[in-house]
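Colleague: Sequence first, then the predicted structure:
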Amino acid sequence: TQLLEQSPQFLSIQEGENLTVYCNSSSVFSSLQWYRQEPGEGPVLLVTVVTGGEVKKLKRLTFQFGDARKDSSLHITAAQPGDTGLYLCAGRDNYGQNFVFGPGTRLSVLP
Amino acid sequence: ETGVTQTPRHLVMGMTNKKSLKCEQHLGHNAMYWYKQSAKKPLELMFVYSLEERVENNSVPSRFSPECPNSSHLFLHLHTLQPEDSALYLCASSQEYELYGYTFGSGTRLTVV
């Protein structure tokens, strides 16, 4: 069974600061996704990465997939209150058809 | 309507009640999922339907009974639940085997009293 760990578990920062959250596993993933979940809503897909070393940018968000495809990071530049939410990573291995989710990082950006 | 719609948004039920959660997707996806989200635990996959056939059941207790009458609708029938079943129940859909990810509904917040 794959296990995804996310760190930190909680993060509270001021508006304008930069931050990085991490997703780690001992398993190799064929693809990995990041979602953001706001209170009272379901998760919303942000990005999918499939190639080791791949970097994708979505406005102020930068996603990186580790070279060995076992880990990923999400960097947010100049965080805004609208970035507040639960950030979830989800990985799928070469054999599974479904994604396994990590426990998430709960981010709070204070104005 | 577009996306994935779940009803009701909130549900309070007694342990002897029978209720059903409903999910509807208008995205043309061919796979649908039920997830359970509890406090301090990762999203737990409960059931997967692909082309209206159940392809996965992750050791879910029989007091949860899914139904997928067609590719656009998914139900979760609940009976004799326990207080520990209180959670956010999320429905999702996807185009199976593709990398586009899941589209989630807003969830049903279930409280068992």
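Modeller: Ah, there it is. Numbering: from 1, shown residues only, chains lettered A, B, ... in the order given.

Colleague: so where do the strands sit in chain B?
Modeller: Taking DSSP state E, the strands of chain B run over residues B:4-7, B:10-13, B:18-25, B:31-37, B:44-50, B:53-57, B:64-70, B:73-79, B:87-94, B:103-104, B:108-112.

Colleague: Alpha carbons of the fourth one, in PDB - could you do that?
Modeller: Written as PDB, here are the backbone C-alpha positions of strand B:31-37 (Å, rounded to 0.1, in the frame of the first residue of the first chain):
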ATOM      1  CA  ALA B  31     -15.900   6.600 -13.800                       C
ATOM      2  CA  MET B  32     -17.400   7.700 -10.400                       C
ATOM      3  CA  TYR B  33     -16.100   7.500  -6.900                       C
ATOM      4  CA  TRP B  34     -17.200   7.800  -3.300                       C
ATOM      5  CA  TYR B  35     -14.600   9.100  -0.800                       C
ATOM      6  CA  LYS B  36     -14.800   9.600   3.000                       C
ATOM      7  CA  GLN B  37     -13.000  12.500   4.600                       C
END
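
Colleague: hmm, back to that, format the strands of chain B as TSV; extra columns: mean pLDDT and mean neighbour count.
Modeller: (Glycine included, C-beta is placed from N, CA and C.) Below are those laid out as TSV (pLDDT from 0 to 100; neighbours: other CB atoms under 10 Å in any protein chain shown):
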stretch	mean pLDDT	mean neighbour count
strand B:4-7	97	18
strand B:10-13	96	14
strand B:18-25	97	19
strand B:31-37	94	23
strand B:44-50	90	20
strand B:53-57	72	12
strand B:64-70	93	15
strand B:73-79	96	19
strand B:87-94	96	24
strand B:103-104	95	23
strand B:108-112	96	18
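
Colleague: wait, which of these is closest to chain A?
Modeller: Chain A lies closest, by CB to the nearest CB, to one member of those: strand B:103-104, at 3.1 Å.

Colleague: returning to that earlier point: any chance of the strands of chain B in a markdown table, with distance to A:Val44 too?
Modeller: Output for the strands of chain B, formatted as a markdown table (distance: least, CB to CB, whole Å):
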| stretch | distance to A:Val44 |
| --- | --- |
| strand B:4-7 | 11 |
| strand B:10-13 | 20 |
| strand B:18-25 | 15 |
| strand B:31-37 | 14 |
| strand B:44-50 | 18 |
| strand B:53-57 | 23 |
| strand B:64-70 | 24 |
| strand B:73-79 | 19 |
| strand B:87-94 | 11 |
| strand B:103-104 | 7 |
| strand B:108-112 | 17 |
